[in-house]
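In: Dropping the sequence and predicted coords here.
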Amino acid sequence: MEQVEQQEDASVERRSGKRHSAVLLLGKLCGDVPGVCLVHNISATGLMARFVEVPSVGDSLTIEVRGLPPVRGTVRWVRGAKAGVEFDSPQPYEQIFLHEDEEGTIPRAPRFPVSLTADVKLGDRKLTAELLDISAGGAKLRADGEVVVGGAGQIIVRPMGTAIFGTICWVRDGRFGFRFVSPLPIDTLAGVVTRR
């Protein structure tokens, strides 16, 4: 009986020790064909994420999240769409919670380079643009027509036809940033990224 109680106490002690932080962060799978995942928890030694394209146990991955450079790791377990990844080396994961990095810049979510055509509707104006990159919160586009900071409207990514609403947040050298009204669902983002 005493041995069972000691095992229960040890189990409670392990669970109560802080081993990871619960988060919901967009993750970018780096490689020849970029992919998307949603990180649910992270620690210095690994992470657990929901994947759109589910990896297999033993796969080697490189994942980028806000505040950290791309990190290599190995898939140790898979349950449904979720998988656990062990990092090749310990990471300063606390950096994902910083509002500014050491250089005073704000860490941002990973960007996915794409080259797709998009229709941009701003009020009663419509123009065609090239979608250059996208994240869960916004996109960078290039267009010949005039756009103005603060203009509200929507972009429609071809050939998906999905309308994404937002506002123009910056304009520079024929390019402009489009901040989404609400973050893209992971499946929608993955759909755009795979058509890159």
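Out: Okay, I see it. Numbering: from 1, shown residues only.
In: For Phe51, give me the pLDDT.
Out: The model reports Phe51 with a pLDDT of 93.
In: doesn't Val85 make contact with it?
Out: No: Phe51 is not in contact with Val85 according to CB atoms under 8 Å; the separation is 9.7 Å. C-beta here means a position set from N, CA and C on the backbone, and glycine is covered the same way.
In: And these two? Which one has more around it.
Out: It is Val85, of Phe51 and Val85, that has more neighbours when counted by other CB atoms under 10 Å, with 27 against 22.
In: starting at the chain centroid, how far to the strand or helix carrying Thr74?
Out: Element membership for Thr74 (DSSP states H and E) is strand 71-79. Relative to its chain's centre, strand 71-79 lies at 17 Å (CA atoms, centre = their mean, to the nearest Å).
In: what do you get for stretch 187-196?
Out: 12 Å.
In: Convert it to PDB, retaining C-alpha atoms only.
Out: Only the C-alpha atoms of stretch 187-196 are listed here, as PDB (Å, rounded to 0.1, in the frame of the first residue of the first chain):
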ATOM      1  CA  ASP A 187      -7.300  24.800 -43.100                       C
ATOM      2  CA  THR A 188      -7.900  28.000 -45.200                       C
ATOM      3  CA  LEU A 189      -4.300  29.100 -44.700                       C
ATOM      4  CA  ALA A 190      -3.100  25.600 -45.600                       C
ATOM      5  CA  GLY A 191      -5.300  25.600 -48.700                       C
ATOM      6  CA  VAL A 192      -3.600  28.900 -49.900                       C
ATOM      7  CA  VAL A 193      -0.100  27.700 -49.100                       C
ATOM      8  CA  THR A 194      -0.400  24.400 -51.000                       C
ATOM      9  CA  ARG A 195      -1.500  26.300 -54.100                       C
ATOM     10  CA  ARG A 196       1.500  28.500 -54.000                       C
END
